[in-house]
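*Asks:* return a 3D structure for these sequence lines:
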Amino acid sequence: MAKKNIGKHFDIYPMPVVIVGTITDGKPNFMTAAWLTKIHSDPPFLAISLGERQYTAKGIRQTGEFALSYPSIDQAELADYMGLVHGDRVDKAKDIEIFKGSLESAPIVRACPVGVECRATQTIDLPHDYLFIAEVVNVYATESVLTEGKIDPVKLRPFVLTMPDNSYWALGDRIGSAWDIGRALIKP
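*Replies:* Below is the predicted model:
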């Protein structure tokens, strides 16, 4: 199959949509983000990239703490709103109910089914962004999205962002078990 060089930008990979919460200048602040990935399992670490001009990034740098609220498709409108308006101009926390876990500066959007408290352990300066590496401190979930005590993606109904089309997409069909469906290609 022939390949064509289309440059160095590759924005085709779906990214999970989250609402990042922190305390900025002493008050709760939230923003939507999608440049996020798990980077270590035990202890659990993740990395998230936020623009250096983001008010939320300022708060994480001030406190070293933040939370990720995972919205279901039912909160897509709220998630999009949190990315449209800027926290230094609008108090986005005034019209939502906040859940506080064990971290003082990691507010979680109560309406979102899953909340993850994080403590930043390292900040890497990128050309126009900060990459925050953080340890997961606690995960909170509503009972309705759990199956046998674990988050069930079918019940959570998360959504992803794709670029450059700037679209939200619902999670698709399950296609098989990881570390299993490829066994058919293993030669004896």
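*Asks:* quick one, helices of the protein?
*Replies:* Taking DSSP state H as the criterion, the chain carries its helices at 55-63, 76-84, 153-156.
*Asks:* and those as JSON lines, adding distance to I98?
*Replies:* For the C-beta atoms, the positions are set from N, CA and C on the backbone; glycine is no exception. Converted to JSON lines, the helices of the chain look like this (distance: least, Cβ to Cβ, whole Å):
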{"stretch": "helix 55-63", "distance to I98": "14"}
{"stretch": "helix 76-84", "distance to I98": "13"}
{"stretch": "helix 153-156", "distance to I98": "20"}
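*Asks:* what's the most buried one of these?
*Replies:* Greatest average neighbour count among the helices of the chain goes to helix 55-63 (a mean of 21), per mean count of other Cβ atoms under 10 Å.
*Asks:* correct me, but V17 touches Y168?
*Replies:* Yes - the pair V17 / Y168 is scored as a contact, 6.7 Å apart, by Cβ atoms under 8 Å.
*Asks:* which stretches of this protein have low pLDDT?
*Replies:* 11-12 (pLDDT under 70).
*Asks:* hmm, try it at 80
*Replies:* Across the chain, the ranges flagged by pLDDT under 80 are 6, 8-13, 164.
*Asks:* which residues touch the most centrally placed residue in the chain?
*Replies:* By Cα atoms, centre = their mean, the chain has its centre lying nearest to V18, at 3.4 Å. Contact analysis of V18 by Cβ atoms under 8 Å, 6 or more residues apart in numbering lists 32-34, 36, 48, 68-71.
*Asks:* wait, what's in contact with M82?
*Replies:* Here M82 is in contact with 19, 30-32, 92 (Cβ under 8 Å, 6+ apart).
*Asks:* returning to what we had before: ok, and the closest non-adjacent residue to the residue nearest to the centre of the chain?
*Replies:* L68 (4.4 Å; Cβ to Cβ, 6 or more residues apart in numbering).
*Asks:* looking at the contacts of V18, which is nearest V145?
*Replies:* Taking Cβ to Cβ as the measure, Y70 is the one of the contacts of V18 closest to V145, at 9.0 Å.
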